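J.: Whatever this is, show me its structure:
(chains A and B)
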Amino acid sequence: MTSLTPNSLAALVESALSTRSSLLGRAVHAQIIKTLNNPLPSFLSNYLVNMYSKLDLPSSAQLVLSLNPSRSVVTWTALIAGSVQNGRFASALLQFSNMLRECIQPNDFTFPCAFKASASLRMPAIGKQVHALAVKDGQIRDVFVGCSAFDMYSKTGLRDEARILFDEMPEKNIVTWNAYMSNAVLDGQPRNAVNAFIEFLRVGGEPDSITFCAFLNACSDALYLETGRQLHGFIIRRGFLADVSASNGLIDFYGKCRDVGSSEMVFDRMCQRNDVTWCSMVTAHVQNYEEEKACMVFLQAREEGVEPTDYMISTVLSACAGLSGLELGRSVHALAVKACVEGNVFVGSAIVDMYGKCGSIHDAEQAFYEMPQRNLITWNAMIGGYAHQGHADMALAFFQDMTSGSNDLVPNYVTLVCVLSACSRAGAVEMGLEIFESMGAIFGIEPGVEHYACIVDLLGRSGMVERAYEFIKKMPIPPTIAIWGALLGSCRMYGKPELGKIAADNLFELDPKDSGNHVVLSNLFAAAGMWEEATLVRKEMKNVGIKKGVGCSWISVKNAVHVFQAKDTSHERNSEIQAMLYKLRKEMKEAGYVPDTDFALYDLEEEEKISEVWYHSEKIALAYGLITIPPGVPIRITKNLRICGDCHSAIKFISGIVGREITVRDNNRFHRFRDGQCSCRDYW
DNA sequence: TTAGGGTTAG
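T.: Reported below is the predicted structural model:
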């Protein structure tokens, strides 16, 4: 056996670090103690401090450091760098200050760590003090130190200081330029990033994959689709298409620019993919409302043995939320636990959001309370979940709790959207208006288009349809589809054909291809007995080539999905379904249900209309659920179009008769029926 | 012993 010299022991420490095995690291340390007497040679002690700190074993690192009487700036920097790498930023700054207390001067390796810790903690006051030290001994001129100081100022929002540093840097390298571009994008200045790229090329810079990613981010941020496409060509010419990071950046860019087809093209042509590639592709589908495709890509990634990361899990959960796919959502939640990422705040918030949107508010609450840490997004998800379910009281209580006491969070734009939508769904008109009018003064958030839409919905849903229209006319920003859509919905609810026509005309202009608006207007006219107008709308639809999508409802039973269309008799258990429908119809009639034939789409005889609405797909899916799902288990149905008013009222009756909880997720929102009531206060 | 990026939640 060769003798263990200090140099060979140092090599052993290095190899233990490279395997990331703390067990091996401790074994090597034991061997060193066995071989050499204390105190260890200083350089070997430094190796150990570095290893322990990087392996995220801070106590051991600190102990080895304190046993080294001749510890130097290198020893301390090894300790601090490990803390920064493992996200222990506050510890890093504490260690930095302990080092100064021992009168050891930081060097060009120490300063970047201290700047990064200050930047990550968003503590510009500390960053400034570190900067002063770096200026004092001239270290700021070093390209590493200068770049990290610039990054710190940018990330802590001190633009002027960042700009001065950048302009006065004696030397800039590619990292400096990349930092400049990335921070410009983060700061909402994508144009500056693009200009910096041009300047960088002009001074003879050679971009790398990080430069491309930063540029693509700028393009997707500002929706510079053409500029991004040109960069795609540039990436190909420079031979960077084989680079996984550059291609990942392209997938992300196209996805954010609503060109998911190009994302798929880049993805399909890649020879090598990593976990980020898969996650970017799933994200691109989710961002383009292609949740089914997102789930397919996720399952494909699983088949290929790609390990699920916290990023992937939170993205897939948002796909489940979009699909109201509770079963898949549950299995992804289980996967998060298995992958040990459920404690991650992104994953936890996505779990809360998924359960809230899938109607399992108790699961959402449980996930919320079990989270080791929560942030604003977690609270928003919970408030949004209550709003979805029509629990305005809980939404408002959580809002109150979030902003007060130990939580002390500052609400953002989305928080206010969730709160106002909760008021609207609960008919809390005064409360909603009060919050809307004071949100600028109290929370510093100026109302945006989503907030205006909530108020239109709030007024309209409460029967103040004319007031809602007056409100729209006075809006300082142009009304959007959501706003006219809310008005049209309330016109349908309260039978206001004239205003409905105005809302619909605006919708036709903004969104000519949406068949739903034509159908609602036609129904509105039909309900008011204005058959000619109703027929005219239908004719117009035909003339301009709009087809109403085929309505269907689906229900998941024992992991199989059963899809039904209106008047569907094709299911293998059709006779049982029909028998259940017959039984229900009889019992409902006895309970006082009267079919609402406004929702029969044609000018039919009354008897035919009744039959028309009776065989809507959601009722058939529900009948199937009642014969297959054991008593006590909630029945969940999803519909691709909006649930019709007759089905809504029928399911209310059914929930009372059969004593079960029934939820219907339609393409607009969530309806939870229990004891003859629905979570939404009213429906047209 | 050191600096920059890519995928995530409303």
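J.: so what's whichever residue of the stretch 201-350 of chain A sits closest to DNA strand B up against?
T.: Per C-beta to the nearest atom of the strand, residue A:245 is where the stretch 201-350 of chain A lies closest to DNA strand B, at 2.5 Å. All C-beta atoms are positioned from the backbone trio N, CA, C, and that covers glycine. Contact partners of residue A:245, counting by C-beta atoms under 8 Å, 6 or more residues apart in numbering, are A:209, A:210, A:212, A:213, A:276.
J.: and with 6 Å instead?
T.: The contact partners of residue A:245, by C-beta atoms under 6 Å, 6 or more residues apart in numbering, come to residue A:209.
J.: Residue A:616 contacts residue A:649, doesn't it?
T.: No. The pair residue A:616 / residue A:649 is not scored as a contact, 11.9 Å apart, by C-beta atoms under 6 Å.
J.: Which of the three states applies to the residue in the stretch 501-650 of chain A positioned nearest to DNA strand B?
T.: As assessed by C-beta to the nearest atom of the strand, DNA strand B sits closest to residue A:638 within the stretch 501-650 of chain A, at 17.3 Å. Classification of residue A:638 using DSSP: H, G, I helix; E, B strand; the rest coil returns strand.
J.: Number of residues surrounding it?
T.: Residues near residue A:638, counting by other C-beta atoms under 10 Å, number 24.
J.: Please apply the same query to residue A:77.
T.: Neighbours around residue A:77, by other C-beta under 10 Å: 27.
J.: show me what contacts the residue of the stretch 501-650 of chain A closest to DNA strand B?
T.: A:324, A:554, A:665.
J.: Where does pLDDT dip in the stretch 1-150 of chain A?
T.: Where the stretch 1-150 of chain A drops to pLDDT under 70, the residues are A:1-2.
J.: how about 80 then?
T.: A:1-3, A:37-38 (pLDDT under 80).
J.: quick one: the helices in it?
T.: A:6-18, A:22-35, A:42-54, A:58-66, A:73-85, A:89-101, A:110-120, A:124-136, A:143-155 (DSSP state H, counting those that start in this stretch).
J.: Highest mean neighbour count out of the ones you listed?
T.: Mean neighbour count (mean count of other C-beta atoms under 10 Å) peaks for helix A:110-120 among those, with a mean of 25.
J.: That one: how far from the chain's middle?
T.: The chain centre lies 29 Å from the centre of helix A:110-120; the measure is C-alpha atoms, centre = their mean, to the nearest Å.
J.: Including distance to residue A:289, could the helices of the stretch 1-150 of chain A go into TSV?
T.: Output for the helices of the stretch 1-150 of chain A, formatted as TSV (distance: least, C-beta to C-beta, whole Å):
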stretch	distance to residue A:289
helix A:6-18	44
helix A:22-35	44
helix A:42-54	42
helix A:58-66	45
helix A:73-85	38
helix A:89-101	37
helix A:110-120	34
helix A:124-136	39
helix A:143-155	32
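J.: Output the set of residues of the stretch 301-450 of chain A in proximity to DNA strand B.
T.: Residues of the stretch 301-450 of chain A found near DNA strand B, taking C-beta under 7 Å from any atom of the strand as the criterion, are A:309-312, A:314-315, A:317-318, A:321, A:344-347, A:349-350, A:353, A:375, A:377-378, A:380-381, A:384, A:412-415, A:418.
J.: Against residue A:469, how distant is residue A:524?
T.: 15 Å (C-beta to C-beta, to the nearest Å).
J.: which of those two has more neighbours?
T.: residue A:524 (29 against 19).
J.: Enumerate every residue touching residue A:306.
T.: A:275, A:278.
J.: what helix or strand is the closest residue to DNA strand B within the stretch 301-450 of chain A on?
T.: Residue nearest to DNA strand B within the stretch 301-450 of chain A (C-beta to the nearest atom of the strand): residue A:414, separated by 2.7 Å. Following DSSP states H and E, one finds residue A:414 within helix A:413-426.
J.: Residue A:513: neighbouring residues, count only.
T.: 10.
J.: Just to be sure, residue A:562 is in a strand?
T.: Yes. According to three-state DSSP, residue A:562 belongs to a strand.
J.: got a pLDDT number for it?
T.: pLDDT, residue A:562: 75.
J.: Could you verify my assumption that it touches residue A:556?
T.: No. Using C-beta under 6 Å, residue A:562 makes no contact with residue A:556, being 7.7 Å away.
J.: Now the element after the helix holding residue A:414, going C-ward?
T.: Proceeding C-terminally, helix A:413-426 gives way to helix A:429-443 as the next helix or strand, assigned by DSSP H and E.
J.: next one: that next one to chain centre, how far?
T.: 26 Å.
J.: Just the buried residues of it, please?
T.: A:429, A:431, A:432, A:433, A:435, A:436, A:439, A:443 (16 or more other C-beta atoms under 10 Å).
J.: And for that helix, what's in contact with it?
T.: Looking at what lies outside helix A:429-443 - C-beta under 6 Å, 6+ apart - the contacts are A:411, A:416, A:420, A:423, A:445, A:446, A:455, A:458, A:462.
J.: quick check: angle from it to helix A:413-426?
T.: Angle, helix A:429-443 to helix A:413-426, by axes from the mean of the first three to the mean of the last three C-alpha atoms, to 10 degrees: 170 degrees.
J.: and helix A:429-443, what's its mean pLDDT?
T.: Mean per-residue pLDDT for helix A:429-443: 91.
J.: ok, of the contacts of residue A:638, which come out buried?
T.: Among these, the ones that count as buried (16+ other C-beta under 10 Å) are A:324, A:554, A:665.
J.: With distance to residue A:677 as extra columns, can I get those residues in JSON lines?
T.: Converted to JSON lines, those look like this (distance: C-beta to C-beta, whole Å):
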{"residue": "A:324", "distance to residue A:677": "20"}
{"residue": "A:554", "distance to residue A:677": "24"}
{"residue": "A:665", "distance to residue A:677": "17"}
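J.: Break chain A down into its domains, please.
T.: A:383-502, A:553-678 (automatic domain parsing).
J.: what's the distance between the residue lying closest to residue A:32 once chain neighbours are set aside and residue A:44?
T.: Nearest-residue entry for residue A:32: residue A:9, 5.2 Å, with adjacent residues in sequence omitted and distances by C-beta to C-beta, 6 or more residues apart in numbering. To residue A:44, residue A:9 is 6 Å away according to C-beta to C-beta.
J.: before we move on, what about residue A:626?
T.: 74 Å.
J.: ditto for residue A:678
T.: The value you get for residue A:678 to residue A:44, if C-beta to C-beta is used, is 72 Å.
J.: With residue A:166 instead?
T.: For residue A:166 relative to residue A:44 (C-beta to C-beta), the value is 40 Å.
J.: Next: residue A:54.
T.: Counting by C-beta to C-beta, the gap from residue A:54 to residue A:44 is 16 Å.
J.: do the same with residue A:408
T.: 48 Å.
J.: before we move on, which element is residue A:647 in?
T.: Going by DSSP H and E, residue A:647 is part of helix A:645-658.
J.: To clarify, my last question referred to residue A:364.
T.: Short version, using DSSP H and E: residue A:364 is in helix A:361-370.
J.: in that helix, what counts as buried?
T.: A:361, A:363, A:364, A:365, A:367, A:368.
J.: other SSEs contacting it?
T.: Contact partners of helix A:361-370 among helices and strands, from 3 or more C-beta pairs under 6 Å, 6 or more residues apart in numbering; DSSP states H and E: helix A:345-357, helix A:376-389.
J.: Can I get these in CSV including mean neighbour count?
T.: CSV is the format used below for the helices and strands packed on helix A:361-370 (neighbours: other C-beta atoms under 10 Å):
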stretch, mean neighbour count
helix A:345-357, 26
helix A:376-389, 25
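J.: Could you provide the ones you listed in a markdown table, with additional columns for mean pLDDT?
T.: Listed next are the helices and strands packed on helix A:361-370 as a markdown table, based on pLDDT from 0 to 100:
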| stretch | mean pLDDT |
| --- | --- |
| helix A:345-357 | 94 |
| helix A:376-389 | 92 |
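J.: Can you add distance to residue A:658 and give those back as a markdown table?
T.: Compiled in a markdown table, the helices and strands packed on helix A:361-370 are given as follows (distance: least, C-beta to C-beta, whole Å):
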| stretch | distance to residue A:658 |
| --- | --- |
| helix A:345-357 | 25 |
| helix A:376-389 | 21 |
